[in-house]
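Colleague: Requesting a structural model of the entry that follows:
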Amino acid sequence: MTVSNAPQLDTTHRQNTPDWTNTSIHISYVLAHDKTVQKPDTAIRYLHRRPFLQPWAVDLGNLGSAVQELFFRPQDEGRTGIRLGYSVYDRYRLKADSLAYYSTTNPYSVFTYRLGSKLEQVAHILHTQNINPRWNFAAQYRKTTSPGFYKIQRTNQDNGAINTHYTSANHHYELFGAVVYNKEQQDENGGIQADSFLSSDRYGDRATIPVFFQNDAYSSRRSSVTNMQRDWQLLLQHHYTWGRTDTAYNKDSTRYTTTLLPRFQLAHRFSAGQEKHLFRHMRADSVLWSGFFTEGLASGDSVQSAQAQGWVDNFFSLNGFIGKQRNLLLTAGAGNRLDFLYTDYVTGRDKRTVVSNYVQGLLEKTADSAGMWLYEASAKLIVTGEAAGDFYLGGKAGKRIRNLGELSVFVRQDFRHAAYNYETFRNAFYEERHDLNAESITQVGGSAFLERWDLNAGLRYYLMSNYTYLAAADEGLSNGRLEVRQSDAFSLSQVWVSKLFHFGKFYLDNELVYQQKTAGAPVNVPQLLGRHQLWLESALFTQNLRIATGIQVRYQSSYAPAGYAPFYNRYYYQSAYELTNRPELNVFFNFRIKRFSATISGDQIQALWWQPNIAAPGYPLQNAMLRFGFAWVMVN
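Modeller: Presented below is the predicted three-dimensional model:
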């Protein structure tokens, strides 16, 4: 659902002629769900940070591998209704509803490239330009690949998107459109066979450490066990607005600006797509599947399973704008959604179709100036179909305080069915099904952004029941079958704070997170997370060169981390393996010359003296490594 609750302003300052010219370059963007105008970030102080994992996520020790969140979030947070449930690659995916929709006076391109040890590579190219002052298109493509430090853990990803934004001359009609494609591939090595190998001089070359899924009969360089996730999305979001249009001219009438004060709006959102997850084990080893099958596999047998969800969703809403500045928005609408779910296990296919109808509403007031209150209330209820009764309710209230910042509080209630991949798991040799209760997730919290002191702080309290998760039968470690469980009610509290100190050309950025869960709660989170970055930032040679150089430390308290199950492509709860990592040390030198920015950094420096840190049982992080990256902005 997307609406605009502020006057629509044409900031191109067009000439009173058919031509569109500008004396200066202007590049900005908005999001389809948020009309706040933003500009591309040109700061270099955080250029060295690893992509995809900020601020509190960790992969399996190889870029592009499955990600777990150390700062707890429920899986598929914010999604109500039917969902497939595979989320370990979400950090890498482009999503249609979170793309940037640009407005540019000149063609604008950005090419980004990162290269790390062991041929870790990320290449990303973005191009956008306006066809006319009111119509923009953008296209982007990203390639991520990394063989990794350890055996057969190659990752390979492709992500691309094309999107467009159009506004009519009188601002009454506006359209957002996007097409997105993602593909993530991961070779599974099952983890190293013992942590003791990391401290042995015999295995200084990490690629020689034995791993669980080594199968030389299949290949010595590629794993016979792979997970792949592929999805595409189509989004068409548009609305027609009734209201008063004003045109303001400059003194000599050579330029003008058009403003629309909205009154009513009819909006439509259409989305369609498919998400597919594929697991393959070629020339499967029956020993690895002994926890699943009552009978062994024949020589040369392969195990394969695919699960997918396709959908078509239409939502119509009527929006009203109230107030002198139209800063109070009322929205009411209804939608229809068609979902296709299937599990393909080579010898057959389980398929079901779900038709759902839902209603959705929103009340929102923005704060246009200091001293004003802002508030929001939103609701969605699925009224028919398999997910009937699923709903969310949310509310937020806050105030902008002059010369201080913004304070806010929020509450949210989600009630939803468990994900499809928890209910059904099947291949040609094995099947399990579960009849699960709906999950209830309550959140209450608040946040403070005190711009005057460069301080951000917040707290959140979760109360959850029927939380769905995977666990080993004895809550220990497992490379085989796991049990799907649902929890009793438990709570989890989070407090976070970040503060930036500035001393002349020196900066110190501090971030801390504290988490406390109910004893025995089936989630794996460290109690304390911290990151501190100290750097020198300065301009040299009459401002043509700007540098930022320093050190960064990131750490977490001891805890029992989640285990990773390749057969399910999900993390699972375990309590048998305790983890104590050394603080991660990074040194960096970032610089920018006009529109060219680059970084040279050393990651995991602590591994020069100690064995590598551990991400999950059997999955160590990289050795000390060098990374180089640059971003080149081209404006024609």
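Colleague: Could you measure from Ser196 over to Gln611?
Modeller: 10 Å (C-beta to C-beta, to the nearest Å). (C-beta placed from N, C-alpha, C; glycine too.)
Colleague: and what of Glu120?
Modeller: Glu120 is 20 Å from Gln611, by C-beta to C-beta.
Colleague: higher neighbour count, these two?
Modeller: When neighbours are counted by other C-beta atoms under 10 Å, Glu120 and Gln611 differ, and Glu120 comes out ahead with 22 against 16.
Colleague: Now that that one has come up, it's in contact with Arg627, right?
Modeller: Yes - between Glu120 and Arg627 there is a contact at 7.4 Å, judged by C-beta atoms under 8 Å.
Colleague: Between the two, which contacts overlap?
Modeller: Common neighbours of Glu120 and Arg627, counting by C-beta atoms under 8 Å, 6 or more residues apart in numbering, are Arg114.
Colleague: host element of Arg531?
Modeller: Using DSSP states H and E, Arg531 falls within strand 528-540.
Colleague: helices or strands up against that strand?
Modeller: Applying 3 or more C-beta pairs under 8 Å, 6 or more residues apart in numbering; DSSP states H and E, one finds that strand 528-540 contacts strand 506-517, strand 545-556.
Colleague: Out of those, which is the most enclosed?
Modeller: Stretch with highest mean neighbour count among the helices and strands packed on strand 528-540: strand 545-556 (a mean of 18; mean count of other C-beta atoms under 10 Å).
Colleague: ok, residues contacting that one?
Modeller: For strand 545-556, the surrounding residues in contact (C-beta under 8 Å, 6+ apart) are 44-45, 47-49, 70, 507, 526, 528-540, 581-593.
Colleague: Show me which of these are buried.
Modeller: The neighbour-count test (16 or more other C-beta atoms under 10 Å) marks 44-45, 47-49, 70, 507, 526, 529-531, 533, 535, 537, 581, 584-586, 588-592 as buried among the contacts of strand 545-556.
Colleague: Quick check on the most centrally placed residue in the chain: phi, psi?
Modeller: Nearest to the geometric centre of the chain sits Arg91, at 3.9 Å (C-alpha atoms, centre = their mean). Per-residue torsions, Arg91: phi -60, psi -30 (degrees, to the nearest 10).
Colleague: Quick one: residues contacting it.
Modeller: Residues near Arg91 by C-beta under 8 Å, 6+ apart: 52-53, 57, 67.
Colleague: ok, now Glu69?
Modeller: Each residue near Glu69 by C-beta under 8 Å, 6+ apart is listed here: 56-57.
Colleague: I'd assumed Val346 was in a strand, is it?
Modeller: No - under DSSP: H, G, I helix; E, B strand; the rest coil, Val346 sits outside any strand and is assigned coil.
Colleague: these two touch, right, it and Ala428?
Modeller: Yes - contact criterion C-beta under 8 Å: Val346 and Ala428 qualify, at 4.9 Å.
Colleague: what is in contact with these two at once?
Modeller: Contact with both Val346 and Ala428 is made by residues Gln304, according to C-beta under 8 Å, 6+ apart.
Colleague: Regarding the nearest residue to Ile152 once chain neighbours are set aside, what are the backbone dihedral angles?
Modeller: In this structure, Ile152 finds its nearest non-sequential neighbour in Ser223, 3.9 Å apart by C-beta to C-beta, 6 or more residues apart in numbering. For Ser223, the backbone dihedrals (degrees, to the nearest 10) come out as phi -80, psi 150.
Colleague: Show me how far stretch 173-188 is from its chain's centre.
Modeller: Relative to its chain's centre, stretch 173-188 lies at 12 Å (C-alpha atoms, centre = their mean, to the nearest Å).
Colleague: Buried residues, it. List them.
Modeller: 174-188.
Colleague: CA atoms only: put that stretch into PDB for me.
Modeller: Output in PDB follows, covering the C-alpha atoms of stretch 173-188 (Å, rounded to 0.1, in the frame of the first residue of the first chain):
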ATOM      1  CA  TYR A 173      -1.300  10.400 -11.600                       C
ATOM      2  CA  GLU A 174       1.800   8.600 -10.300                       C
ATOM      3  CA  LEU A 175       3.200   5.200 -11.100                       C
ATOM      4  CA  PHE A 176       5.900   3.000  -9.700                       C
ATOM      5  CA  GLY A 177       6.800  -0.200 -11.600                       C
ATOM      6  CA  ALA A 178       9.600  -2.800 -11.000                       C
ATOM      7  CA  VAL A 179      10.800  -6.200 -12.200                       C
ATOM      8  CA  VAL A 180      13.300  -8.000 -10.000                       C
ATOM      9  CA  TYR A 181      15.200 -11.300 -10.400                       C
ATOM     10  CA  ASN A 182      17.400 -13.100  -7.800                       C
ATOM     11  CA  LYS A 183      19.300 -16.300  -7.800                       C
ATOM     12  CA  GLU A 184      21.500 -17.600  -4.900                       C
ATOM     13  CA  GLN A 185      23.600 -20.800  -5.100                       C
ATOM     14  CA  GLN A 186      25.600 -22.300  -2.300                       C
ATOM     15  CA  ASP A 187      27.800 -25.400  -2.300                       C
ATOM     16  CA  GLU A 188      27.400 -27.200   1.000                       C
END
